[in-house]
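>>> Next input, structure requested:
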Amino acid sequence: MILAGAIPAVLLAVLLDQAIAVLQKSGYRLFQKLKYIVPAILIIIGAIYFLTSVSENKLKAGFTLEFMGRQDGDLGLRSVYGLNVNPVVVSDAVMYKAVYEKDLDLISGYSTDGRIKAFDLYVPNDDKKIFPPYFAAPIIKTKTLEKFPELEKILNLLSGKFNDSIMTDLNYKSDYLHQTPEKIAKDFLIKNNLYKISRKGNSGTVRIGSKIFGEQYILTEMYKILIEGNTHYKVETKTGLGGTEICFAALMNDAIDFYTEYTGTGLLVLLKPTEQTIKKVSQSADETYRYVNSEFQKQYGIQWLKPLGFNNSYALMMRRKQSKGLNVKSISDLKNYLNQK
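Purely as a prediction, here's the structure:
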């Protein structure tokens, strides 16, 4: 079983803290004895916790550590839905396979992850809207658009060409079929009659940045092909820069010219408005987009170009066959199922 040793992060922290305290008091000789005993104790505790969690809950849940601490995550599930599934902390690297192999029944994830298709998972509807819209769009400084006057029109060629299903399929080709971002991007553009051979121009260099996951690499390659095929600009890609803060700092400091961001990230991570504002603007994808675009222009001189059309938000996932068997179509359905005696 993948998760036989999974225990809550809080319990691990307490155990580690106590162990360090004992070692500091007792010295090296006791450490030599404990180094064989402590791992065995942790395994036993983990097994006991796992077994009792299974017996007390109808479903076995595992969430990432980040998801556990977010309002658009486990905190929101508890406060808005009243849903407490006693999840264990699980790495993103193993949780999809864990739910597929029935070590888990419910996991957190991203709504356009290619592994949803790979493992035939189902995403229950967030009917009370705790996950704000995370629609993707290029963000770019106004002065950069003035410097490259053809750029806005070209970048907007991808607007409306995606939905969640299309992006999930492209991510599946990357994550599961191991196709390169270049191939995925070229095939997509050919299919949508957008592909043109590079003009090999030298009228200026556009620098595209990206975060450090497959979806961003694919979109970066699409923009590179579009720019070089429709203009005389040259493109330099800076993929895998890091997370949101690093990419945004690179944009602000003119180390890159644009990158693809998500409206929910712009709202919660970069703007950080009041809870009242978040609640007001996050009920609608259009309202979220209008708000972040307006505030980014006021505060940073940055524009959000037209959204691509897909929403890569946080989500809950379970096996499709299991969701059908339990008649779980929404998170409220999930809550009602767990409340049944």
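
>>> any idea how far T288 is from I107?
25 Å (Cβ to Cβ, to the nearest Å). In short, each C-beta sits where N, CA and C put it, glycine included.

>>> now do G325
17 Å.

>>> So for these two, which sits in the more crowded spot?
I107 (25 against 9; other Cβ atoms under 10 Å).

>>> Next up, the contacts around N193.
Neighbour list for N193: empty [criterion: Cβ atoms under 8 Å, 6 or more residues apart in numbering].

>>> So it: helix, strand or coil?
Following DSSP: H, G, I helix; E, B strand; the rest coil, N193 is assigned to coil.

>>> going forward can the numbers begin at 56, since that is how I track them
With the count now opening at 56, the last piece we talked about shows up as N248.

>>> how close does it get to I282?
Using Cβ to Cβ, N248 is found at 17 Å from I282.

>>> Give me the residue at the spatial middle of the protein.
Y165 (4.6 Å; Cα atoms, centre = their mean).

>>> need the contact list for it.
Y165 touches 367-370, counting by Cβ under 8 Å, 6+ apart.

>>> For the stretch 56-205 of the chain, which segments count as helices?
Using DSSP state H, counting those that start in this stretch, the helices of the stretch 56-205 of the chain run over residues 64-81, 83-111, 120-123, 129-135, 147-155, 169-173, 197-202.

>>> Over to the stretch 206-355 of the chain?
Using DSSP H, counting those that start in this stretch, the helices of the stretch 206-355 of the chain run over 206-210, 219-230, 236-246, 269-285, 299-307, 318-320, 330-336, 340-355.

>>> Got the domain ranges for this structure?
64-184+370-394, 191-367 (automatic domain parsing).

>>> Ends of the last one, what's the gap?
By Cα to Cα, to the nearest Å, the extent of domain 191-367 from end to end equals 7 Å.

>>> my read: F186 touches Q126, true?
No - under the criterion of Cβ atoms under 8 Å, F186 is not in contact with Q126, lying 10.0 Å apart.

>>> before we move on, the earlier item: just the pLDDT at the residue nearest to the centre of the chain, thanks.
On the pLDDT scale, Y165 is placed at 92.

>>> I'd like to know how far it sits from F365.
With the distance defined as Cβ to Cβ, Y165 ends up 11 Å from F365.

>>> Same check on A116?
26 Å.

>>> What of K246?
Note on K246: its distance to F365, by Cβ to Cβ, is 16 Å.

>>> Show me which of these two is the more surrounded one.
Per other Cβ under 10 Å, whichever of K246 and F365 has more neighbours is F365, with 22 against 10.

>>> tell me the contacts of that one?
By Cβ under 8 Å, 6+ apart, F365 lies in contact with 167, 190-191, 217-219, 221-222.

>>> Highest neighbour count among the residues you listed?
Going by other Cβ under 10 Å, T167 tops the contacts of F365 with 27 neighbours.

>>> before we move on, the earlier item: and F186 and Q126? Which one has more around it.
Ranked by neighbour count (other Cβ under 10 Å), F186 and Q126 place F186 first, with 22 against 17.

>>> ok, now which ones touch that one?
Listed by Cβ under 8 Å, 6+ apart, the contact partners of F186 are 127, 131, 319, 368-370.

>>> try 10 Å this time
125-128, 131-132, 166, 319, 337, 366, 368-371, 386 (Cβ atoms under 10 Å, 6 or more residues apart in numbering).

>>> just those now: which is nearest P328?
Distance to P328 across the contacts of F186 (Cβ to Cβ) is lowest for S337, with 10.0 Å.

>>> Tell me how many other residues surround the closest one.
Residues near S337, counting by other Cβ under 10 Å, number 21.

>>> what about the residue lying closest to K266 once chain neighbours are set aside, neighbour count?
Residue nearest to K266 in three dimensions, not counting chain neighbours: C302, with 5.7 Å by Cβ to Cβ, 6 or more residues apart in numbering. C302 has 24 neighbours, counted by other Cβ under 10 Å.

>>> Perfect, I'm done here.
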